[in-house]
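sharing a model that was predicted from the sequence below.
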Amino acid sequence: MSTADLPKEQDLVEFRVDRILDEANTDTKIVVLIRQDDAHDTFPIWVGASEGNAIKLALDTMITPRPMSHDLVKSFAEHLNINIQRVVIADVKSSTYYALVHVSNKGFERAIDSRPSDAIALALRAPCPIYVTQDVLKRRSTTNLDAWLAKLETKDIGTPEVQET
Amino acid sequence: MHVKGLMFDPYNNAYIVVLRDEESSDMLPIWVGKSEAGAISMSLENVTPPRPMTHDFMKSFLDAYNAKVISVVITDLTEHTYFAKVHLMYEDSEYTVDARPSDAIALALRSHAPVFANNSVISKQSSEELEQWLENLKPEDFGKLDS
């Protein structure tokens, strides 16, 4: 991806991970991002169960006895001196969000295509800021997410099961 | 070693990646979690998912700066836990990174890098792990692959 395609700084809105919710009936979890400068603006992203656990482990700053997949990516970055600068939720197509992980090494910047779940799991470990573009914020679903999320929260969220190898 | 296949282990409710040395016929079973097994099976079956899965992203991350996976090595077995190392080549230097075998194997398959196991790991596991697992296996445990 050339730099011309990258979103400009002023188009980015910073979010942080607030919590991870269980979707009781399906094998998915919901990562709830909230806007850094406006805690009422929530941005939910549906992720797979294991991806949700990878984010939850980092959110709870749990140290696992063995490096999990995203710890390994971080470890690669440390060994090769790659700086993980930021992750950006940069696009949405048919309800699927697309993320970019921005990295730099000796002045060379790259943006790596990823799922939001991998990008967020890595951002929490790096650590680096998480942004959503203005464009994605405008185009996100307009259903009443807050009411829907409130309903979900009555179901408690269990501790993730860590599957070790 | 060659990734021979994946099996479901109903006794531990986990998956087993079976590595095999084609020359000596040594087998090395490695227990992995469900999502890790999925990551390995996608590579074995040459499935390209619409969005990059975690290990595809891991490979893109290395590709972004032309870092190459030279090999992965299953280095140790301690108290039923396997340890692995990923050997990388980047700008004429070699780097060795500690990993879980599941991540290392999933990455090796995507990078077309060879998988090795230390001889000590093979001798250790053949004496304990597999026999123990076989002893625990009951006839009714078979045929539950879809669970």
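All right, it came through fine.

when you work out contacts or count neighbours from here on, use the C-alpha atoms and nothing else.
Will do.

run through the neighbouring helices and strands of the host helix or strand of A:H102.
Assigned by DSSP states H and E, A:H102 belongs to strand A:96-105. Packing partners of strand A:96-105 (3 or more Cα pairs under 8 Å, 6 or more residues apart in numbering or on different chains; DSSP states H and E): strand A:83-93, strand A:108-114, helix A:116-125.

hey, which of those is tucked in deepest?
Mean neighbour count, computed with mean count of other Cα atoms under 10 Å in any protein chain shown, is highest for helix A:116-125 among the helices and strands packed on strand A:96-105, reaching a mean of 25.

what lies in contact with that helix?
Applying Cα atoms under 8 Å, 6 or more residues apart in numbering or on different chains, the external contacts of helix A:116-125 come out as A:45, A:47, A:51-52, A:54-55, A:58-59, A:70-71, A:73-74, A:84, A:86-87, A:89, A:97-101, A:129-130, B:54, B:57.

what segments of the chain are helices?
Reading this off chain A. Along chain A, the stretches classed as helices by DSSP state H are A:49-59, A:69-80, A:116-125, A:134-139, A:145-152.

looking at chain B here, not the other one
Assigned by DSSP H, the helices in chain B fall at B:34-44, B:54-63, B:101-111, B:119-127, B:129-136.

next, format the helices and strands packed on strand A:96-105 as a markdown table and append distance to A:D135 and mean pLDDT.
What follows is the helices and strands packed on strand A:96-105, written out as a markdown table (distance: least, Cα to Cα, whole Å; pLDDT from 0 to 100):
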| stretch | distance to A:D135 | mean pLDDT |
| --- | --- | --- |
| strand A:83-93 | 8 | 95 |
| strand A:108-114 | 17 | 96 |
| helix A:116-125 | 16 | 97 |
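
look up how far A:K138 lies from the residue of chain A most remote from its centre.
Centroid-distance maximum for chain A: A:K106 at 25.5 Å, with Cα atoms, centre = their mean. According to Cα to Cα, to the nearest Å, A:K106 and A:K138 sit 35 Å apart.
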